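A.B. asks: Below are the sequence and a predicted model; questions follow.
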Amino acid sequence: MFSLPGEAPVTMTPAAIKQITKLMERDGRYGLKIGVKKGGCAGMEYTMDYVDAAESNDEIVESDGARVLIAPMAQMFLFGTEIDYETSLLESGFKFRNPNVVDACGCGESIKFKDVDELQAEKAGD
């Protein structure tokens, strides 16, 4: 894990907090779990699922009633990410502002991260 004591690995904007809290309350869920998996044209994709409980190695971030859980394998890729929720005329959804992303596909569904060794070296130097 790469977060420093007292430092959350991800942050949430007020819009994201409002949406996550609303969905947690509506569906009676414990929180929103975020991860990454291989896939898409750029190589990786975010995963998001509402869960009823945390697993032992999940990183938990709470803010004003919103609870986000980060899967263990995703923690190094998501460190420093801001989670937002945006609404436009054509779509609404969560947006990730992630400093570890070096490329994204045109549709915005797939991302490419810095090399794992590079990420580990950056976090070790913090």
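C.D. replies: The structure has been received and is ready for your questions.
A.B. asks: Quick check: which ranges of this structure have low pLDDT?
C.D. replies: Applying pLDDT under 70 to the chain flags residues 1-6, 41-42, 103-126.
A.B. asks: same thing but at 80, please
C.D. replies: 1-7, 39-44, 100-126 (pLDDT under 80).
A.B. asks: Name the residue most distant from the centre of it?
C.D. replies: Taking C-alpha atoms, centre = their mean, the residue of the chain most remote from its mean C-alpha position is residue 89, at 24.1 Å.
A.B. asks: Let me see the contact set for the residue most central in space within the chain.
C.D. replies: Geometric centre of the chain, nearest residue: residue 34, 4.9 Å, by C-alpha atoms, centre = their mean. Residue 34 makes contacts with 10, 46, 47, 48, 68, 69, 70, 71, 74, 78, 83, as judged by C-beta atoms under 8 Å, 6 or more residues apart in numbering. Placement of C-beta: from N, CA and C, glycine included.
A.B. asks: Show me the beta-bridge partners of it.
C.D. replies: On the basis of DSSP bridges, residue 34 is bridged to residue 48, residue 70.
A.B. asks: Out of the contacts of residue 34, which is nearest to residue 24?
C.D. replies: For those, the closest approach to residue 24 (C-beta to C-beta) belongs to residue 68, at 10.2 Å.
A.B. asks: Check the contacts of residue 34 for burial and list the buried ones.
C.D. replies: 10, 46, 68, 69, 70, 71, 74, 78, 83 (16 or more other C-beta atoms under 10 Å).
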